[in-house]
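>>> pasting the sequence and the predicted coordinates here, then a few questions.
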Amino acid sequence: MGANYIDPILLSIPECFESERLLLRAPLWGDGKALYEAVTESIEQLRPWMPWAEHLPTVDESESNVRRARLNFLERKDLRLHLIHKETGRFVGCSGLHRMNWQSRKFEIGYWVSTSFSQQGYITEAVSAITEYAKTELQAARIEIRCDARNLRSARVAERLGFTLEGVLRSDACAVDGSLRDTMVFAKVRGAEY
């Protein structure tokens, strides 16, 4: 490890922060029912893009998923965040920082929104807050958003927030249906975009 490397388990990372309408927080024991309800409502919209949405999970599977996400957050392996509507307390969706490289301070933002909250700017708001969180709390050198090139809604979030389209990786991964898909790679880099 390089001289500037800090074991991420030693970092004091805030588990909760706010945007205008959202509370963005680490998963907590007991979030499984709300996650289950959001996924159940949104399964048809999630299925084309999210490999994990092929089958509808049970409430217990959702709670197990939440608890694993909580442990991964504490171990700094993955920083999933639950998006909670500040006024109503409703579960809006998930986002967070994934595929992290702590040595180079590179993070990837992923996201999905519950159908009842889609097309209302919640994901753009959340990703903006998470980008700031990564810059200030984690000293991110690079923040990426990757999406299936056919997922235009996801790409528009990156574009609205000023992420640079660095390229399209052709036949980069298997899509949910098993076909090869292209992946759009958007990024913000310290010194260039912030």
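It's in.

>>> in stretch 42-58, which residues are buried?
For stretch 42-58, a neighbour-count test (16 or more other C-beta atoms under 10 Å) marks 42-43, 45-47, 49, 53, 57 as buried. Using the backbone N, CA and C atoms, a C-beta is placed for each residue, glycine as well.

>>> of those residues, which is the nearest to Ile84?
For the buried residues of stretch 42-58, the closest approach to Ile84 (C-beta to C-beta) belongs to Ser42, at 15.8 Å.

>>> show the model's pLDDT score for the nearest residue to the closest one once chain neighbours are set aside.
Spatial nearest neighbour of Ser42, chain neighbours left out: Thr115 (4.3 Å); criterion: C-beta to C-beta, 6 or more residues apart in numbering. As predicted, Thr115 sits at a pLDDT of 94.

>>> same question, Ala187
In this model, Ala187 carries a pLDDT of 98.

>>> how about Asn4?
We have a pLDDT of 64 for Asn4.

>>> now the strands for the chain?
Assigned by DSSP state E, the strands in the chain fall at 16-18, 22-25, 79-85, 91-101, 106-113, 142-148, 164-174, 180-189.

>>> which strands and helices lie in contact with the fourth one?
Judged by 3 or more C-beta pairs under 8 Å, 6 or more residues apart in numbering; DSSP states H and E, the packing partners of strand 91-101 are helix 32-46, strand 79-85, strand 106-113, helix 122-137.

>>> please produce JSON lines containing these, extended by distance to Leu180.
What follows is these, written out as JSON lines (distance: least, C-beta to C-beta, whole Å):
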{"stretch": "helix 32-46", "distance to Leu180": "21"}
{"stretch": "strand 79-85", "distance to Leu180": "27"}
{"stretch": "strand 106-113", "distance to Leu180": "20"}
{"stretch": "helix 122-137", "distance to Leu180": "26"}
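
>>> between those, which one is closest to Ser179.
Minimum separation from Ser179 across the helices and strands packed on strand 91-101 (C-beta to C-beta) falls at helix 32-46, 17.8 Å.

>>> quick check: angle from the closest one to strand 106-113?
Relative orientation of helix 32-46 versus strand 106-113 (axes from the mean of the first three to the mean of the last three C-alpha atoms, to 10 degrees): 90 degrees.

>>> and helix 32-46 with strand 79-85, angle?
Using the same axes, to 10 degrees: helix 32-46 against strand 79-85 is 90 degrees.
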